[in-house]
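Visitor: here's my sequence, what's the structure:
(one chain, ligands or ions: 1)
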Amino acid sequence: MPPTLDPGANAPGATDPGRIRNFCIIAHIDHGKSTLADRMLQLTGVVDPRLMRAQYLDRMDIERERGITIKSQAVRMPWTIREGERAGEQAVLNMIDTPGHVDFTYEVSRSLAACEGAILLVDAAQGIEAQTLANLYLALENDLHIIPVLNKIDLPAAQPEKYAEELAHLIGGDPADCIRVSGKTGEGVPYLLDEIVRQFTPPVGDADAPARAMIFDSVYDVYRGVVTYVRVIDGHISARDRIKMMSTGAVHELLEIGVISPEMVKAEALGVGEVGYLITGVKDVRQSRVGDTVTINNRPATEALGGYKDPKPMVYSGLYPIDGSDYPALRDALDKLKLNDAALTYEPETSGALGFGFRCGFLGLLHLEIIGERLEREFNLDLISTAPNVVYRAIQEDGQEVVVTNPSEYPTGKIAEVYEPTVRATVLTPNDYVGAVMELCQGRRGNLLGMDYLSADRVELRYTLPLAEIIFDFFDQLKSRTKGYASLDYEPTDEQASDLVKVDILLHGEPVDAFSAIVHKDKAYAYGTTIAAKLRNLIPRQQFEVPIQAAIGSRVIARETIRAIRKDVLAKCYGGDISRKRKLLEKQKEGKKRMKMVGRVEVPQEAFIAALSSDSDGKATGKK
Ligand SMILES: Nc1nc2c(ncn2[C@@H]2O[C@H](COP(=O)(O)OP(=O)(O)OP(=O)(O)O)[C@@H](O)[C@H]2O)c(=O)[nH]1
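Guide: Numbers count the residues shown, from 1 in each chain. Purely as a prediction, here's the structure:
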């Protein structure tokens with residue numbers, strides 16, 4: 001049954017802004033945002049109980065499989081206060097579900113800018129975690145009103161009293177003001193919905209001013225083209241308007257305008273404070289940039305809304321199609337993903353070993369993994385991604401500066417200084433594991449900034465760490481050393497001069513650019529020996545001996561050898577069965593097709609993937 005919206009006073013475009021509440025749910029990962037959102041959809045009646053499925057708003061397959069939210073979602077829900085003095089008061093709630101992973105903090109901040117209030121959700125069995133704090137600070141920076149909520153009170157391990165104290169201590173106020181709910185059973189959720197209407201302030205805007213709406217998300221839909229999600233700040237956008245993008249001045253016909261509730265529902269207009277979508281039929285994804293202001297062409301606004309900070313990529317990796325003829329398809333796919341993802345950057349590059357591809361910038365390893373997976377699934381591309389690296393700044397002796405996003409750009413001449421990016425990391429851990437956490441951070445070249453007790457048994461440690469040390473397996477290590485109890489959050493800060501070197505890998509004397517890496521001097525040897533050993537196992541024997549060397553400049557630091565073999569595939573075919581022989585030869589030819597020639601050496605595609613998979617450095621994790 002398609003959702004129907006009230007055609008009366010609460011219809012989109014005609015809603016009194018005083019009835020609207022725009023809010024988001026912020027929480028540490030797994031504290032239950034999506035489950036709570038599901039309950040709200042059900043209780044407000046926008047999803048038919050028969051059509052209800054878990055994590056209704058996580059639409060991408062990857063989101064469902066991994067159980068995490070990647071893209072923000074905005075849903076319109078009607079609600080009438082059930083209890084108390086204001087019972088019967090009708091409201092329109094726009095809920096924006098936000099992702100919780102560190103890599104996607106920028107999504108959270110975009111969503112926050114479209115809200116007046118935030119529900120700070122905390123698992124009543126876990127208490128405050130690192131991202132609870134990070135998200136809370138983001139919300140406070142955006143001047144949002146906060147409602148503290150303890151979730152999962154149905155769990156036997158829940159300690160709502162204890163954590164209500166903790167929360168009240170953190171944000172100020174009375175522990176009794178923390179609302180207790182269970183997203184699973186629905187207990188307390190109707191009361192929370194009532195409180196949302198009572199506590200959050202309605203949006204304020206000038207209904208008579210020229211229209212201004214802020215783009216907080218844009219997605220490419222294969223059938224409909226670009227779908228742009230906006231929150232109207234001032235004025236009114238109606239279905240018959242021609243809209244204008246304020247950053248480019250481009251004017252577009254509107255094909256459709258509407259709200260999400262929880263599927264797309266067409267509307268006549270969107271007024272002050274409303275959240276909805278616009279479809280212009282534009283196919284070029286770069287026309288609808290997140291952070292831009294939309295106005296209408298016949299009465300344009302003169303001043304754009306303050307945009308968002310463009311998120312800066314932190315990790316770079318080369319993406320190459322396994323089949324070279326897929327290169328244009330890869331470019332197209334990246335163009336499309338870029339629309340959803342202001343943080344994704346890419347530039348064409350060529351690699352001696354891998355051919356034509358793109359150097360892509362990501363927010364972190366999970367972001368990289370997700371983009372890689374989406375390219376493979378949604379666009380049917382088979383890809384190789386090179387070892388991820390951060391951005392370095394090398395100052396040569398002649399004073400010239402080189403920004404290195406790819407190890408192959410690392411200057412070969414004399415280098416005066418190399419700078420690497422650093423982060424300020426916050427680790428929250430139970431008292432017992434402080435020693436283990438400190439040991440880990442010190443091993444990763446960390447610098448202790450400070451340490452505080454949040455409660456009798458919970459400690460906050462603050463460190464400066466090189467970004468390169470934190471992006472690979474730091475989180476896994478942290479979890480395993482603290483039996484899963486510690487949580488981590490970090491934000492980029494500055495850069496520091498470090499003792500870094502470039503390690504090259506040579507196959508039969510030829511450097512293979514795809515395997516080069518910039519690492520700290522103390523870790524160069526370990527990197528060299530690991531990759532050389534992996535490659536020895538991955539590359540089949542050839543008809544000649546193949547040395548594999550790891551080198552810093554001209555100094556070899558590790559060496560492995562693949563012994564020579566003459567592979568006579570016909571040896572087994574005694575007797576004169578010619579068709580069998582032919583079949584075997586055909587099979588061998590097939591196998592060859594999947595080989596890459598690196599100098600004279602045949603390297604199977606799988607070797608690149610397996611050697612570059614980061615298990616020597618630790619694996620990129622699905623969850624943080
Ligand atoms: N017992 C119990 N379990 C819950 C409750 N709410 C959520 N869960 C469980 O907690 C886990 C995480 O819930 P999600 O709703 O996916 O968490 P999330 O915060 O949305 O996670 P991200 O979208 O990845 O940030 C799931 O296994 C839920 O079934 C609750 O009220 N009670």
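Visitor: now do the SS call for Gly435.
Guide: Classification of Gly435 using DSSP: H, G, I helix; E, B strand; the rest coil returns helix.
Visitor: kindly report the same for Phe608.
Guide: Following three-state DSSP, the label given to Phe608 is helix.
Visitor: show me the contact partners of the top helix by length along the chain.
Guide: Secondary structure assigned by DSSP state H gives helix 521-538 as the longest helix of the chain. For helix 521-538, contacts defined as C-beta atoms under 8 Å, 6 or more residues apart in numbering pick out 499-501, 503, 505, 507, 515, 517, 519, 548-552, 557-562, 604, 606-607, 610-611, 616. (Glycine included, C-beta is placed from N, CA and C.)
Visitor: and it, what's buried?
Guide: By 16 or more other C-beta atoms under 10 Å, the buried positions in helix 521-538 come out as 523-524, 527-535, 538.
Visitor: what about the residue of the stretch 351-500 of the chain found nearest the ligand, how many neighbours?
Guide: Closest approach of the stretch 351-500 of the chain to the ligand (C-beta to the nearest ligand atom) occurs at Leu366, with a separation of 10.9 Å. Other residues lying near Leu366 total 24 when counted by other C-beta atoms under 10 Å.
Visitor: go on, the one 10 residues further on?
Guide: Other residues near Glu376 come to 13 when the count uses other C-beta under 10 Å.
Visitor: ok, now Phe544?
Guide: 13.
Visitor: with Ser516 instead?
Guide: Quick note: Ser516 (other C-beta under 10 Å) scores 23 neighbours.
Visitor: phi, psi for the residue nearest to it when sequence neighbours are not counted please.
Guide: What sits nearest to Ser516 in space, not counting adjacent residues and going by C-beta to C-beta, 6 or more residues apart in numbering, is Pro407, at 4.0 Å. Here is the backbone geometry of Pro407 (degrees, to the nearest 10): phi -50, psi -30.
Visitor: Pro407 contacts Val512, correct?
Guide: No. Counting by C-beta atoms under 8 Å, Pro407 stays clear of Val512, with 11.3 Å between them.
Visitor: and the two? Which one has more around it.
Guide: More crowded of Pro407 and Val512, by other C-beta under 10 Å: Val512, with 25 against 22.
Visitor: so the closest residue to that one other than its chain neighbours, which of the three states?
Guide: Nearest residue to Val512, sequence neighbours excluded (C-beta to C-beta, 6+ apart): Ala353, at 4.9 Å. Here Ala353 is recorded as coil under three-state DSSP.
Visitor: and Ala353, backbone torsions?
Guide: Per degrees, to the nearest 10, the backbone of Ala353 is at phi -90, psi -30.
Visitor: partners of the longest strand anywhere in the chain, with directions?
Guide: If you go by DSSP state E, the chain has its longest strand at strand 415-430. Next to strand 415-430 in the sheet, as set by DSSP bridges, lie strand 392-396 (antiparallel), strand 458-466 (antiparallel), strand 487-497 (antiparallel).
Visitor: who in the stretch 101-250 of the chain is up against the ligand?
Guide: Residues of the stretch 101-250 of the chain lying close to the ligand by C-beta under 6 Å from any ligand atom are 151-152, 154-155, 182-184.
Visitor: sorry, back to before: are any of the contacts of helix 521-538 buried, and which?
Guide: With neighbours counted by 16+ other C-beta under 10 Å, the contacts of helix 521-538 contain buried members at 500-501, 503, 505, 507, 515, 517, 519, 548-552, 557-558, 560, 562, 604, 607, 611, 616.
Visitor: coming back round to it: what about the one helix or strand the residue of the stretch 351-500 of the chain closest to the ligand maps to, distance to the chain center?
Guide: Take DSSP states H and E as the rule and Leu366 turns out to sit in helix 365-378. Distance of helix 365-378 from the chain centroid (C-alpha atoms, centre = their mean, to the nearest Å) equals 10 Å.
Visitor: equivalent analysis for stretch 338-347, please.
Guide: Centroid separation between stretch 338-347 and its chain, computed with C-alpha atoms, centre = their mean, is 11 Å.
Visitor: check stretch 303-319 too.
Guide: Centroid separation for stretch 303-319 versus its chain: 12 Å, with C-alpha atoms, centre = their mean.
Visitor: what average pLDDT does it get?
Guide: Per-residue pLDDT over stretch 303-319 has a mean of 76.
Visitor: span of that stretch from start to end?
Guide: For stretch 303-319, the first and last residues are 39 Å from each other (C-alpha to C-alpha, to the nearest Å).
Visitor: do stretch 460-472 as well
Guide: Criterion C-alpha to C-alpha; first-to-last residue distance in stretch 460-472 is 22 Å.
Visitor: buried residues in it?
Guide: Of the residues in stretch 460-472, 460-461, 463-472 count as buried by neighbour count, 16+ other C-beta under 10 Å.
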